[in-house]
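Chemist: I'll drop the sequence and a predicted model, then ask my questions.
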Amino acid sequence: MTFGLQKRIIKMQSREGNLGEYGGRCQKGKNMEEEMNIGELLVEKAEENQTRKILEILNECKDLEEAKEKVKALLK
């Protein structure tokens with residue numbers, strides 16, 4: 001896309017009211033950053049929950065072999 005075409009698209013979008021104060025770029029970047037932060041938090045929570053499940057399995061099992069089997073089944 002050429003610079004002239006980008007400029008025309010921005011003008012058209014600003015006439016339609018689709019862009020914010022900074023041409024929509026700041027808002028889009030902010031939303032992407034927020035989405036990444038939410039995604040990172042979800043990954044962190046999932047890892048914590050899996051760790052809790054593994055610890056619970058280890059506490060419930062009578063021996064190491066039983067624990068290994070249950071953890072292996074959880075991870076599949």
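Modeler: Sure, I can see it.

Chemist: which other helices and strands contact the one helix or strand residue 33 maps to?
Modeler: When elements are assigned from DSSP states H and E, residue 33 belongs to helix 25-60. Helices and strands touching helix 25-60, as assessed by 3 or more Cβ pairs under 8 Å, 6 or more residues apart in numbering; DSSP states H and E, comprise helix 64-75. Bear in mind the C-beta positions are built from the backbone N, C-alpha and C, glycine included.

Chemist: Could you pull up the mean pLDDT of the helix it packs on?
Modeler: Mean pLDDT, helix 64-75: 93.

Chemist: list the buried ones in it?
Modeler: Buried residues in helix 64-75, defined by neighbour count with 16 or more other Cβ atoms under 10 Å: 67, 70.

Chemist: What lies in contact with that helix?
Modeler: 50, 53-54, 57-58, 61 (Cβ atoms under 8 Å, 6 or more residues apart in numbering).

Chemist: how about a cut-off of 6 Å?
Modeler: 54, 57-58, 61 (Cβ atoms under 6 Å, 6 or more residues apart in numbering).

Chemist: Name the member of these with the most neighbours.
Modeler: Neighbour count (other Cβ atoms under 10 Å) singles out residue 57 as the most crowded of those, with 17 neighbours.

Chemist: mind checking how far the closest residue to that residue other than its chain neighbours is from residue 53?
Modeler: Distances taken as Cβ to Cβ, 6 or more residues apart in numbering place residue 70 nearest to residue 57, at 4.6 Å, with adjacent residues excluded. Note on residue 70: its distance to residue 53, by Cβ to Cβ, to the nearest Å, is 9 Å.
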